[in-house]
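Undergrad: Need a 3D model of the sequence below.
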Amino acid sequence: MPNYTNLKKRKSLLQLARLCLSLAMLMGLLAPQTANAQSGIYPEYVVVSGDTLYGIAARFDTTLEDLVDLNAIGQGDVLRPGDHLKIPTLEGMRGVLSTDYVPLGASLSSLSRRDQAKPADLIRLNQFTSPSELFIGREIVVARTEDQAPSEPMPSLTPGQSLVEASILSQQNTWQLASRNALQNPLFALPMDTYYRPSQTGSDNNLAIPGVDAIVLDNLPLVQGGTYVLKVKSSQPVNVSAELAGEHPVFTDVGDGNQIAFGGIRALIDPGVYPLTLEIGTAEGASYRFDQYVIINSGNYVMGDNLEVDPSTIESDNVKNEDAIFKSLVAPVTPLQQWEGAWWSPAQDVDCVISPFGSRRTYNGDPKLYYHTGLDLGYCKGTDVYAPARGTVVAVLPDQIVRGNVIVIDHGLGVYSIYMHLSEFKVQEGNVVEEGQLIGIIGTTGRSTGPHLHFEVDIQGIPVNPVTWLNRTFP
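TA: Alright, predicted model coming up:
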């Protein structure tokens, strides 16, 4: 359950609730499953690409033999995405099993209310032993019925407001709403707890804060070198700040009560669990603080070769000065999003990859580890370089020690693209370029071992994997 620091009286209740939840989870794990024993009812797991029978058996703590026997799988049968497999160890549980990720603001109670599932079933499916295991971005298994209607969070109950009043405002039957949210009595509803109502489309929001309609952390699970987006929608003016893994993404008001912040995960950060903190202030002076841990996964980046380069291009004072210039260029967060949709490839052949983002490397035999901050694209189909999305050219700089001839484009909201080692410029500083516009020619200037384009995407100065921007649409 979220921790809201301006409600001092709630702290003891929250602590008691957490203790009760821990005890409930422990009792759920220890309680005998006699009620459903030998029922002959099993949930079905939907096979996805990459699954194997052995992997599915291990995931659900069963044996390969029991899985094969229960599903009458023959020796020549082929496992295909979309196949349904009954899970032997989950006898008595109903529904279709699928993989999901823990969203921002989720708790055991909110997930069970959202998916109309029993908390004990969620514990059993994922072998939870503590509420603290619900890290944002953790992969979990959920069970849903195929005809289950989507749901969305209700507006938060304010102190003194009842579920009866909220249900009337939402045009819902009070007792049906209480039953949907596993409340024995509508009077048991608590302010700023998350309750759900039927919806046509569903919602990823799991936080209930007065005046705030939704807070969503997008592009889960987070990985080294990844991009994430925090989205806040509110019905009244609010100030929002956040901190994740030591970074502070900057929120921009994009109109209609929406604020958005893009963030990047450093490619060399250690995989693990990191705190996310959100602070929200209202015009009336109320403030709310929310804390939850986020899991950051490995990017599985490869170890590249040792590169032999001019020693003067490695950490000299001139190189440090160049780095400082580029750090200042990509620091401003301009408030206008200039791009629309997914980005184009800046090179004529997106598959002509010489070196991927994130690959580890060393220089001149020195054991110090570096990583590749961009995507190196060759000239398999031509040497033209195009703008991948609309933006404003903020720098056209020749003869840089490391970057060579380089262009920097500001796309807005703290998102920049950089093009290094060019042989020619086709734009000038201050130009507004459109998606697909010719901006330069591939070359081998600066610290380069051969003709190629170093294509880099920076978010508030943090290099992120450009492939993500070529494969999905933000925000």
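
Undergrad: Can you give the domain ranges for this protein?
TA: When the chain is parsed with automatic domain parsing, its domains come out as 8-41+91-152, 209-298, 303-471.

Undergrad: gap between Glu91 and Leu67?
TA: 13 Å (CB to CB, to the nearest Å). (Each C-beta comes from the backbone N, C-alpha and C, glycine too.)

Undergrad: where's Val330 relative to Gly461, distance?
TA: For Val330, the distance to Gly461 - CB to CB - is 5 Å.

Undergrad: Neighbour count: the two, which is higher?
TA: Val330 (24 against 15; other CB atoms under 10 Å).

Undergrad: need the contact list for the more buried one.
TA: With CB atoms under 8 Å, 6 or more residues apart in numbering as the criterion, the residues that contact Val330 are Val408, Tyr416, Ile418, Asp458, Gln460, Gly461.

Undergrad: Equivalent analysis for Met420, please.
TA: Gly374, Gln400, Val402, Arg403, Gly404, Asn405, Val406, Gly446, Leu453, His454, Glu456.

Undergrad: Hmm, Ile407 and the second one touching each other?
TA: No. Judged on CB atoms under 8 Å, Gln400 makes no contact with Ile407 at a distance of 11.1 Å.

Undergrad: And the two? Which one has more around it.
TA: The neighbour comparison of Gln400 against Ile407 (other CB under 10 Å) goes to Ile407, with 27 against 19.

Undergrad: secondary structure class for the more buried one?
TA: Recorded secondary structure, Ile407: strand (DSSP: H, G, I helix; E, B strand; the rest coil).

Undergrad: quick one: the spatially closest residue to it that is not a sequence neighbour and Tyr301, what's the gap?
TA: Distances taken as CB to CB, 6 or more residues apart in numbering put Tyr419 closest to Ile407, at 4.5 Å, once the chain neighbours are dropped. To Tyr301, Tyr419 is 22 Å away according to CB to CB.

Undergrad: Check the separation of the first and last residues in stretch 162-177.
TA: One end of stretch 162-177 sits 12 Å from the other (CA to CA, to the nearest Å).

Undergrad: out of the contacts of Val330, who's nearest Glu152?
TA: Using CB to CB, Gln460 is the member of those that sits closest to Glu152, with 31.0 Å.

Undergrad: List the residues that contact the closest one.
TA: Here Gln460 is in contact with Glu247, Pro249, Val250, Phe262, Gly263, Gly264, Val330, Ala331, Val333, Gly414 (CB under 8 Å, 6+ apart).

Undergrad: Can you list the strands that the one helix or strand Leu97 maps to pairs with?
TA: Taking DSSP states H and E as the definition, Leu97 sits inside strand 96-101. Partners of strand 96-101 in the sheet, by DSSP bridges, are strand 44-46 (parallel), strand 139-144 (antiparallel).

Undergrad: pLDDT averaged over the helix or strand just after it - what is it?
TA: Next along the chain after strand 96-101, taking DSSP H and E as the criterion, comes helix 108-115. Averaging pLDDT along helix 108-115 yields 90.
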